[in-house]
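**Student:** got a sequence here, can you model it:
(one chain, ligands or ions: 1)
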Amino acid sequence: MRFDPIGDCGAYRVYPPVRRDDRGSFQRTWCAVAFEEFGITFKAVQGNSSLTKFRGIVRGMHFQRAPREDAKVIRCSRGRIHDVIVDLRADSGTRGHVYVNELDGDEGTMLFVPAGFAHGFQTLSDNTVVEYLMGESYVPELYDGFRYDDEAVGISWPEPVRGISENDLRWSSLAERFPWFRAEGA
Ligand SMILES: Cc1cn([C@H]2C[C@H](O)[C@@H](COP(=O)(O)OP(=O)(O)O[C@H]3O[C@@H](C)C(=O)[C@@H](O)[C@H]3O)O2)c(=O)[nH]c1=O
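**Tutor:** Next comes the predicted model:
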């Protein structure tokens, strides 16, 4: 497994080797030893999967609040996504920074995202499946987010936003909860 740093924020693009033969392919999608040897401490406690039926849909931006911030390993297993993470850690040298990555189900590239980031994505294909390993259990009372078009962050999405959930339209402004965001912007 190869780990390429995403900036210097502690997130990585992870490339599990794909073994191909006449039948198709084989890929390891999680390897505790490889992560440990590389120096990433991550213990998966939950696995999630979502199917998004249409291209252009946005899910996010989501995070879980303290004291149960969640690290994630994210993989697109069918279709393609434009993935966005935002560093929300107040004490981070890269706080407020936005990082984008394209993930393609044919390549199987994954992302490791440390605790304290917000995450969202836009689908670039119909019938897209995204799978996550989560470092924290889901705690509904701490589940939080901000709008995909929050002006304090200024995320630019590659395609017109064709759909988004009612919940994702209801998030309050990020700067209300993270005052340093208002001052610094993204
Ligand atoms: C995240 C989550 C949701 N749910 C429930 C809540 C709701 O009824 C239903 C769908 O939830 P959502 O609309 O939040 O699903 P979704 O928008 O796909 O949420 C996901 O978005 C991406 C961007 C992430 O980073 C993920 O961690 C997760 O937050 O599933 C769980 O039961 N367990 C969970 O762990």
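
**Student:** now do the end-to-end distance for stretch 144-164.
**Tutor:** 16 Å (C-alpha to C-alpha, to the nearest Å).

**Student:** so what's the gap between that stretch and the chain middle?
**Tutor:** 14 Å (C-alpha atoms, centre = their mean, to the nearest Å).

**Student:** likewise stretch 34-42?
**Tutor:** The answer for stretch 34-42 is 18 Å, by C-alpha atoms, centre = their mean.

**Student:** what comes up buried for that stretch?
**Tutor:** For stretch 34-42, the neighbour count (16 or more other C-beta atoms under 10 Å) marks 35, 40, 42 as buried. In this view, the C-beta of every residue, glycine as well, is placed from N, C-alpha and C.

**Student:** which of those fall in strands?
**Tutor:** With strands taken from DSSP state E, there is no overlap with those.

**Student:** of all those, which comes closest to the ligand?
**Tutor:** Nearest to the ligand, judged by C-beta to the nearest ligand atom, of these is Phe42 at 14.5 Å.

**Student:** and the residue lying closest to Ile81 once chain neighbours are set aside, what does it touch?
**Tutor:** Nearest non-adjacent residue to Ile81, counting by C-beta to C-beta, 6 or more residues apart in numbering: Phe121, 4.3 Å away. The contact partners of Phe121, by C-beta atoms under 8 Å, 6 or more residues apart in numbering, come to 58-60, 81-84, 103, 130.

**Student:** and Phe121, what element?
**Tutor:** strand 117-123 (DSSP states H and E).

**Student:** show me which residues of the chain sit near the ligand.
**Tutor:** Contact residues (C-beta under 6 Å from any ligand atom) of the chain with the ligand: 48, 50, 59-60, 62, 119-121, 132, 138, 165, 167.

**Student:** give me that answer again for 8 Å
**Tutor:** Taking C-beta under 8 Å from any ligand atom, the part of the chain that reaches the ligand is made up of 46, 48, 50, 59-63, 70, 72, 74, 119-121, 130, 132, 134, 137-138, 140, 143, 145, 165, 167-168.

**Student:** ok, for Glu159, nearest residue in space, not its chain neighbours?
**Tutor:** Gly56 (4.9 Å).

**Student:** can you count the residues close to the residue nearest to Leu124 when sequence neighbours are not counted?
**Tutor:** Once flanking residues are discounted, Leu124 sits nearest to Arg80: 4.1 Å by C-beta to C-beta, 6+ apart. By other C-beta atoms under 10 Å, 19 other residues sit near Arg80.

**Student:** doesn't Thr128 make contact with Leu51?
**Tutor:** Yes - counting by C-beta atoms under 8 Å, Thr128 is a contact partner of Leu51 at 7.3 Å.

**Student:** now list the buried members of the residues of the chain next to the ligand.
**Tutor:** The buried subset of the residues of the chain next to the ligand - by 16+ other C-beta under 10 Å - is 59-63, 70, 72, 74, 119-121, 130, 132, 134, 145, 168.

**Student:** pick out the most distant pair among these.
**Tutor:** Spanning the widest gap among those are Met134 and Asp168, at 18.6 Å by C-beta to C-beta.
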